[in-house]
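Engineer: Give me a model of this one.
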Amino acid sequence: MSDPKLLSFPCDYPIKVMLRANESSRAHVDAVMARHTDATVIAAATERPSAQGNFLGVTYTIRARDAAHIEALFTDLKDLPGVLMVL
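Structural biologist: Residues are numbered from 1 along each chain as shown. Below is the predicted model:
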């Protein structure tokens with residue numbers, strides 16, 4: 001995560017989630033995002049599959065209220081099954 005002292009809140013903040021490529025993993029990530037953001041963030045998310053199609057990178061751009069908002073989102077995402085990394 002970026003140093004919160006370098007950010008001026010509220011701000012747009014990209015979050016990339018690397019996960020196993022299956023519909024249930026993406027659905028779990030979208031559900032967590034829905035708890036922390038609004039539906040437009042999920043609709044605007046971009047995804048990129050790995051070369052063999054086993055993994056998926058999904059980038060969401062949230063409107064971060066403060067550093068605690070980002071930290072809570074990272075914590076919830078990292079606990080999901082199928083999520084390999086959150087950047």
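Engineer: List the buried residues of stretch 48-56.
Structural biologist: Judged by neighbour count using 16 or more other Cβ atoms under 10 Å, the buried positions of stretch 48-56 are 55-56. Every residue, glycine included, has its C-beta placed from N, CA and C.
Engineer: do the same with stretch 64-74
Structural biologist: In stretch 64-74, counting by 16+ other Cβ under 10 Å, buried: 64, 67, 69-70, 73-74.
Engineer: Output these in a markdown table, with pLDDT, distance to residue 20 and secondary structure appended to each entry.
Structural biologist: Converted to a markdown table, the buried residues of stretch 64-74 look like this (pLDDT from 0 to 100; distance: Cβ to Cβ, whole Å; DSSP: H, G, I helix; E, B strand; the rest coil):
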| residue | pLDDT | distance to residue 20 | secondary structure |
| --- | --- | --- | --- |
| 64 | 96 | 26 | strand |
| 67 | 94 | 29 | helix |
| 69 | 96 | 26 | helix |
| 70 | 97 | 24 | helix |
| 73 | 97 | 20 | helix |
| 74 | 97 | 18 | helix |
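Engineer: Is it possible to get TSV of these that adds distance to residue 40?
Structural biologist: As requested, the buried residues of stretch 64-74 are exported to TSV (distance: Cβ to Cβ, whole Å):
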residue	distance to residue 40
64	15
67	22
69	16
70	18
73	16
74	20
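Engineer: Quick check: closest non-adjacent residue to residue 18.
Structural biologist: Nearest non-adjacent residue to residue 18, counting by Cβ to Cβ, 6 or more residues apart in numbering: residue 85, 4.2 Å away.
Engineer: what's the pLDDT at that neighbour?
Structural biologist: Per-residue pLDDT puts residue 85 at 97.
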